[in-house]
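In: The following comprises the amino acid sequence and a computationally predicted model.
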Amino acid sequence: MSRAICVRCGHDKGAWAGVCPACGHRPEEEGMLVAWLLSDEHLDDSALDRAASRIRRGEPVRASDRMLATARAALGRDAQGDPGL
């Protein structure tokens, strides 16, 4: 099973592109890149746990340009320019 962390509330969700079952947040546009970065496709379980804790404490998620480029490369397209993603 896939694992991802909601960028808004820090709750676990099954798919990085899916709707958070806790808060209803669905990533869009460039947020899709950040959502992928907060998934088991990019981070191991321990890193996901740490990210979830930080988000739950109210710390903002700030992806660097380099991390966003990594996500774009992994997804194989520019998520911001592809409304179908």
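Out: Happy to help now that I have it.
In: tell me which element the residue most central in space within the chain falls in.
Out: The centre of the chain sits closest to Ala35, judged by C-alpha atoms, centre = their mean, with a distance of 1.6 Å. Element membership for Ala35 (DSSP states H and E) is helix 31-37.
In: residues making contact with that helix?
Out: Around helix 31-37, the neighbours that count as contacts under C-beta atoms under 8 Å, 6 or more residues apart in numbering are 4, 7, 16-17, 27, 42-43, 61, 63, 67-68, 70-72, 74-75, 79-80, 85. (Glycine included, C-beta is placed from N, CA and C.)
In: after it comes which helix or strand?
Out: helix 45-56.
In: Just the buried residues of that next one, please?
Out: For helix 45-56, the neighbour count (16 or more other C-beta atoms under 10 Å) marks 48, 51-52, 55 as buried.
In: Cys23: which of those residues is nearest?
Out: Taking C-beta to C-beta as the measure, Cys23 lies nearest Ile55 of the buried residues of helix 45-56, at 10.8 Å.
In: Please name the residues that touch the nearest residue to that closest one once chain neighbours are set aside.
Out: Spatial nearest neighbour of Ile55, excluding adjacent residues (C-beta to C-beta, 6 or more residues apart in numbering): Gly10 at 3.4 Å. Contact partners of Gly10, counting by C-beta under 8 Å, 6+ apart, are 51-56.
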